[in-house]
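> sequence first, predicted coordinates after that:
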Amino acid sequence: MGIKLSDLHKMSAQQTWEEVCVSPSGIPFQAGAPEYPDGSFIKTLRLAAERDLYFFGKSIMGRKLAPSLHLPVCKFVQSRVPYRKGLLLPREHFKTSVVSHCLPVHIIIQPADTNMYFPGMEGSECRILLACETVGRSQKHVRVIETAFESNKLIRTLWPHRCWDNPRRDSKKWSENEMIVPRKVEYPEPTVMAIGVGGAITGARPNVLLKDDLISLEARSSPTVMETAIEWHVASRALLESYEESTGLQSLEWIIGTRWAVYDLYQYIIDNDPTVEWMIRSIVEPDNDGNMVPILPEYNSLEKVEELRTQFGSLFPLIYMNQAFDPALVDFDMSKVRTFQIDDSQNIIFAFDDRDMKIQESMDSAEDAELGSSGMPRGAKLTSHMLDAYLSKGRSEFFRFRS
Amino acid sequence: MSLMPPKIDLDTKHTQLIHLDKYGFVDLAASKLKNRRSVEGARQAIVIIGVDYLMRVFVLSAWAGRISPTSLCNRIIRTYETWQPRIMGIEANGLQELYGEGVREEARKQLNNPAIIAVYQSTKVDKEFRIRTRIEPIINSGRLLVRDGLDDLRQEIEGFPTARTMDIIDALASAIALLPRRPKQQQKSSEVLQLAAYLRNSGVAPHIIEKRIRDLELQEAV
């Protein structure tokens, strides 16, 4: 039974799961068509999953991804070039689901001939270093990946050659820290390894580096923690360079997270590393008509966004808008800072506007004020003439004698 | 009597560099300790500003970097020579005063009576507070003008107080603190200004210059 890719995309995750059955011998077939084991539907499904991270995440991994946001995000994430990508999404926008849960599995299931990430290389040969702020957090992500290979019916059915029958028994490494899938070449590094910021990395040679939320609230309030994260990021980059030098192959790096401070790890990378290409999204962005709308309308409404803005105050522009130069965070309004040029004749050229007139007026009034409202210089002795001047202006009610 | 530059005609829509009264400041950043935002440590900074009659502050030059003390001394002297500021302040907290004295001594050898002064910054005043209170009134009244191309300074202003560095903006705030409270509105003839400049360069004492110019003005009035 033939099926088009576009039809597959229209199917919900539940429908996809229900559509795939497995024979007692472990051969997949479309529901109701046991006579066509590994037929067109299965082939198309496998191909679609291998070629499309969004489809893989939604239909195979069962994540609740929304096409409006996650389709472009997944396209950006799964593109091979640029080799170093940064993705800043607001909190609770499934960035970890896409990059830390779905992407490692997607990399591993890639066949050599159509490998999107490492052309010509079996996905199982990849060594993925999954880094988070703490090793505990990255272990949780490794556990999700392990669970996918242990019990996800579709993965075990469609890519059985990437799965162990009993991983804890068959694999040389299958723990909360690291896992190894069946692979042809044995490397010192596991297929996926969990690590936290500050973890020992010397000697490791991964070809994939996933950095998921290397900083959070603790780093925001501690410059020392922030510096540690930055230094660790710089040090970990050397691992990829070491791999590239020794193998001549290209390594890949993904950095995902949310802004936590104006000067944070991400700002450091933006300022200092032009090799990283960024996708930065805010919880609300202008639509074609210029109206601010949520980028994930399936989960957020404008009312909810306003509620978050009130709840998080000055933190909102960072963790939900990913904007470091929000007016709430900085002191000076740059629109008030003017610019000028100096031409060859040593003339200072600048835009003349109302502000200059106001400055002139304020300077003139300040000069007048030096004489005082009575027309007498400040500090002058109180004479009958000065008293008359005050009284003649009807200001006697404001007149005070110095005690 | 002030020797402030002449009032600029607003209708001309531009002013001339020579009509600006220039001031400069050098932040030595002598500490080798990392500051709390930067992983690289604080930078040395030199800022030159010009002020016109309307107290508009034109940032003419802004530099920040990390160079050796000798190179910094040369850079300070060259900057002074280029812009000829009325006063150039050098931060002189603690041992920085010794370095500042060395710079002044070297500048005296190379230049004619340079007005390089030591400036003590109170360590009891929070740096951010100091910057904010000095610069905010000027920005809010539209009196701060930054020369095109000074992107480092613009970034520091834009991100203050949470930007990674605040070396140049700190030097700018310190330079602004050197400005007189307000210049008197005077229109001096170019001859008088030239005479004053000549007398200054000749090393004549300020009170003698003042007296000489006052005499000239009296003569003109008669």
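In hand now; what should we look at?

> which parts of the stretch 151-300 of chain A sit against chain B?
Residues of the stretch 151-300 of chain A lying close to chain B (CB under 8 Å from any CB of the partner chain) are A:223, A:227, A:230-231, A:261-263, A:267-268, A:271. No exception for glycine: its C-beta is placed from N, CA and C like everyone else's.

> what's near enough to touch A:Ile82?
Actually, residue A:82 is Pro. It isn't Ile. Taking CB atoms under 8 Å, 6 or more residues apart in numbering or on different chains, we find A:Pro82 in contact with A:275-277.

> please apply the same query to A:Leu89.
A:73, A:95, A:256, A:258, A:281, A:322.

> I figured the second one hits A:Lys85, correct?
Okay, so that is A:Lys95. No. Using CB atoms under 8 Å, A:Lys95 makes no contact with A:Lys85, being 12.0 Å away.

> now do the helices in chain B.
Per DSSP state H, chain B carries helices over the ranges B:69-83, B:96-110, B:127-140, B:151-159, B:167-177, B:190-201, B:206-221.

> any idea how far chain B is from the closest residue to A:Glu92 other than its chain neighbours?
Counting by CB to CB, 6 or more residues apart in numbering or on different chains, A:Tyr299 is the residue found nearest to A:Glu92 once chain neighbours are left out, at 7.4 Å. Remark: distance between A:Tyr299 and chain B (CB to the nearest CB, to the nearest Å) = 30 Å.

> next one: A:Asp289
Distance from A:Asp289 to chain B, by CB to the nearest CB: 29 Å.

> same check, this time on A:Thr44
For A:Thr44 relative to chain B (CB to the nearest CB), the value is 50 Å.

> look at that residue and say how many residues are nearby.
17 (other CB atoms under 10 Å in any protein chain shown).

> give me phi/psi at it?
Backbone geometry at A:Thr44, expressed as degrees, to the nearest 10, gives phi -70, psi -40.

> what are the boundaries of the strands in chain A?
A:20-22, A:28-30, A:84-88, A:128-132, A:178-179, A:192-196, A:208-212, A:252-257, A:276-280, A:284-286, A:292-294, A:338-342, A:347-350 (DSSP state E).

> re earlier: got TSV for the contacts of A:Leu89, with neighbour count, pLDDT and distance to A:Glu178 too?
Shown next, in TSV, are the contacts of A:Leu89 (neighbours: other CB atoms under 10 Å in any protein chain shown; pLDDT from 0 to 100; distance: CB to CB, whole Å):
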residue	neighbour count	pLDDT	distance to A:Glu178
A:Val73	25	96	27
A:Lys95	23	95	23
A:Ile256	24	96	21
A:Thr258	21	93	27
A:Arg281	19	94	32
A:Asn322	21	90	32
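
> now render those residues as a markdown table, adding distance to A:Ala13.
Listed next are the contacts of A:Leu89 as a markdown table, based on distance: CB to CB, whole Å:
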| residue | distance to A:Ala13 |
| --- | --- |
| A:Val73 | 17 |
| A:Lys95 | 19 |
| A:Ile256 | 22 |
| A:Thr258 | 26 |
| A:Arg281 | 23 |
| A:Asn322 | 28 |
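
> tell me the one of the residues you listed nearest chain B?
Among those, A:Asn322 lies closest to chain B (CB to the nearest CB), at 14.6 Å.

> low-scoring pLDDT stretches of the chain, where are they?
As the question left the chain open, I've gone with chain A. Where chain A drops to pLDDT under 70, the residues are A:1-3, A:5, A:24-26, A:33-38, A:221-223, A:326-327, A:364-403.

> if you could check chain B rather than the one you did, that'd help
For chain B, the stretches with pLDDT under 70 are B:1-14, B:30-41, B:181-190, B:217-218, B:220-222.

> again, only this time at 80
Within chain B, the segments meeting pLDDT under 80 span B:1-16, B:29-42, B:94-95, B:122-126, B:162-165, B:181-194, B:203-208, B:210-211, B:213-222.

> so it: which segments form each domain?
Domain assignment for chain B, taken from automatic domain parsing, gives B:7-177, B:184-221.

> give me the distance between the residue in the stretch 151-300 of chain A that chain B sits nearest to and B:Gln110.
Using CB to the nearest CB, the closest approach of the stretch 151-300 of chain A to chain B is made by A:Val262 at 3.4 Å. Distance, A:Val262 to B:Gln110, using CB to CB, to the nearest Å: 42 Å.

> same check on A:Arg168?
78 Å.

> same question for A:Thr96.
Distance of A:Thr96 to B:Gln110, computed by CB to CB: 61 Å.

> the two - which one has more neighbours?
Using other CB under 10 Å as the criterion, A:Thr96 and B:Gln110 rank with A:Thr96 on top: 20 against 12.

> which residue, other than its chain neighbours, is closest to that one?
Leaving aside its chain neighbours, A:Thr96 sits nearest to A:Asp212 (5.7 Å; criterion: CB to CB, 6+ apart).

> what bridges to the one you found?
A:Ile256 (DSSP bridges).

> contacting residues for it?
Shown in contact with A:Asp212 (CB under 8 Å, 6+ apart): A:95-96, A:99-100, A:130-132, A:137-138, A:141, A:256-257.

> swap in A:Leu53?
A:74-75, A:77-78, A:98, A:102-103, A:106.

> if we can go back for a sec, so which of the strands of chain A comes closest to B:Glu210?
strand A:347-350 (28.5 Å; CB to CB).

> before we move on, the earlier item: residue contacts, the residue of the stretch 151-300 of chain A closest to chain B?
A:Val262 neighbours (CB under 8 Å, 6+ apart): A:318, A:324-325, A:329-330, B:159, B:162-163.

> can you tell me which of those residues are buried?
By neighbour count, with 16 or more other CB atoms under 10 Å in any protein chain shown, the contacts of A:Val262 hold A:318, A:324, A:329-330, B:159, B:162-163 as buried.

> next, count neighbours for residue 68.
You didn't say which chain, so I picked chain A. A total of 13 residues lie near A:Ser68 under the criterion other CB under 10 Å.

> wait, I meant chain B there
Neighbourhood size, B:Ser68 [other CB under 10 Å]: 8.

> for it, give its distance to A:Thr191.
Distance of B:Ser68 to A:Thr191, computed by CB to CB: 50 Å.

> next one: A:Ile270
Computed as CB to CB, the A:Ile270 to A:Thr191 distance reads 31 Å.
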